[in-house]
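Undergrad: Structure of the sequence below:
(one chain, ligands or ions: 2)
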Amino acid sequence: MVSLKEQILLAIYEEFEKWAKEEKTVCSKGCTACCTQNVTMTAVEGDLIHRHIRENDQMEWFAGKLQEKGNTRRPEMTTNGFAAACLQGEDVESGSSGNESVCPFLENKSCSIYAVRPFSCRCFVSEETCKPGVAAVIPESYLSASTAVMQIVEHLGQGEYWGNMLDVLLALSDLPENRRYNQFLPASLPDQGRANLVKALPLPGFLLLEEEMKKIEPLIQGIFTHPIGEKSIEEILNNR
Ligand code: SF4
Ligand code: SF4
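TA: Ligands and ions are numbered 1, 2, ... in the order given. Now for the predicted structure:
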């Protein structure tokens, strides 16, 4: 059964997709320069991916993919950690672009876990066709919106693993529900994944100017008021 956190995550994905559909970008299926090993995510996003793999009986294939990991980027500061530091007036850098190796889940120019890809993949777009090593041109309001949603997703997973997608997936691969990976993954790999991760943090506030907040308010409201059972996401996140 899909957990409450996964239900909230799916609702956040849905609200973002609704909001973002009007954006004019050049992204299309088969355009894959953005599919690198730089993707970061939370444990709840990893749980959703592992559930999908178990339900589709793809664990052996997936274990092979996890072992294709290159010299992965390991960000030290989460999005909410960065936001908290900025809001306290600290002078911080957002980190390097990291490892440009191809994501192991890219097969035949498309994402083999598309239905459950993490938010970092869902929000990555460009107004101009990207080339390897050249930054995407992300519309300004879109960047504000995706950063804010990334902060909400991290808040949802607070206290749990946060970091590179491949490390998070490895770290979760020895949970009881994932025990079938024992046959396919070296026993040391989950610990290696965990060693590279930090903990997700609560939302300290958004890094948005008043103007930016006005533009993306419908999205934020859509997420917070989205019903899950008899409560809204905001009520659940605030334990009301
Ligand atoms: S972000 Fe760049 S590489 Fe990715 S689909 Fe869009 S244009 Fe292509
Ligand atoms: S998970 Fe899918 S969308 Fe994300 S980088 Fe990998 S192949 Fe691309």
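
Undergrad: The residue lying farthest from the centre of the chain: what's it in contact with?
TA: For the chain, the residue at maximal distance from the C-alpha centroid (Cα atoms, centre = their mean) is Gln183, at 27.4 Å. Each residue near Gln183 by Cβ atoms under 8 Å, 6 or more residues apart in numbering is listed here: Glu60. The C-beta positions use only the backbone N, C-alpha and C, and glycine is treated the same way.

Undergrad: got the buried residues for stretch 21-36?
TA: In terms of neighbour count (16 or more other Cβ atoms under 10 Å), stretch 21-36 has its buried residues at Thr25, Cys34, Cys35, Thr36.

Undergrad: can you narrow those to ones near ligand 1?
TA: Cys34 (Cβ under 6 Å from any ligand atom).

Undergrad: TSV for the buried residues of stretch 21-36, including secondary structure, pLDDT and distance to ligand 2?
TA: As requested, these are exported to TSV (DSSP: H, G, I helix; E, B strand; the rest coil; pLDDT from 0 to 100; distance: Cβ to the nearest ligand atom, whole Å):
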residue	secondary structure	pLDDT	distance to ligand 2
Thr25	coil	86	15
Cys34	coil	89	7
Cys35	coil	92	3
Thr36	strand	89	7
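
Undergrad: And the buried residues of stretch 21-36, which is closest to Asn108?
TA: The nearest member of these to Asn108, counting by Cβ to Cβ, is Cys35 at 12.0 Å.

Undergrad: which parts of the chain sit against ligand 1?
TA: So the chain meets ligand 1 at Val26, Cys27, Cys31, Ala33, Cys34, Phe124, Val125, Ser126, Thr129, Cys130, Ala136 (Cβ under 6 Å from any ligand atom).

Undergrad: Could you list which of these belong to strands?
TA: Secondary structure from DSSP state E places none of the residues of the chain next to ligand 1 in strands.

Undergrad: I'd like the list of those residues that fall within helices, please.
TA: Among the residues of the chain next to ligand 1, no residue falls in helices (DSSP state H).

Undergrad: For those residues, work out which two are farthest apart.
TA: Phe124 and Thr129 (13.3 Å).

Undergrad: who's more crowded, those two?
TA: Shown here are Phe124 and Thr129; by other Cβ atoms under 10 Å, Phe124 has more neighbours (20 against 14).

Undergrad: That one and Asn38: what is the separation?
TA: 10 Å (Cβ to Cβ, to the nearest Å).

Undergrad: do the same with Trp162
TA: In terms of Cβ to Cβ, Trp162 sits 14 Å off from Asn38.

Undergrad: The two: who's more crowded?
TA: It is Trp162, of Trp162 and Asn38, that has more neighbours when counted by other Cβ under 10 Å, with 28 against 21.

Undergrad: shouldn't the more buried one be in contact with Val168?
TA: Yes - the criterion here is Cβ atoms under 8 Å, and Trp162 meets it with Val168 at 7.5 Å.

Undergrad: hang on, the earlier thing: nearest to ligand 2 among the residues of the chain next to ligand 1?
TA: Cys34 (6.8 Å; Cβ to the nearest ligand atom).

Undergrad: Before we move on, what's the pLDDT of the residue lying closest to that closest one once chain neighbours are set aside?
TA: With Cβ to Cβ, 6 or more residues apart in numbering as the criterion, Cys34 has its nearest non-adjacent residue at 5.0 Å, and that residue is Phe124. Phe124 is assigned 89 on the pLDDT scale.

Undergrad: Kindly report the same for Ser97.
TA: Predicted confidence (pLDDT) for Ser97: 56.

Undergrad: Run the contact check for stretch 112-123 versus ligand 2.
TA: Yes - residues of stretch 112-123 contacting ligand 2 under Cβ under 6 Å from any ligand atom: Ile113, Arg117, Cys121.

Undergrad: what's near enough to touch the second one?
TA: By that I understand Arg117. Contacts of Arg117 (Cβ under 8 Å, 6+ apart): Ile49, Phe105, Cys111.

Undergrad: Okay then, goodbye and thanks.
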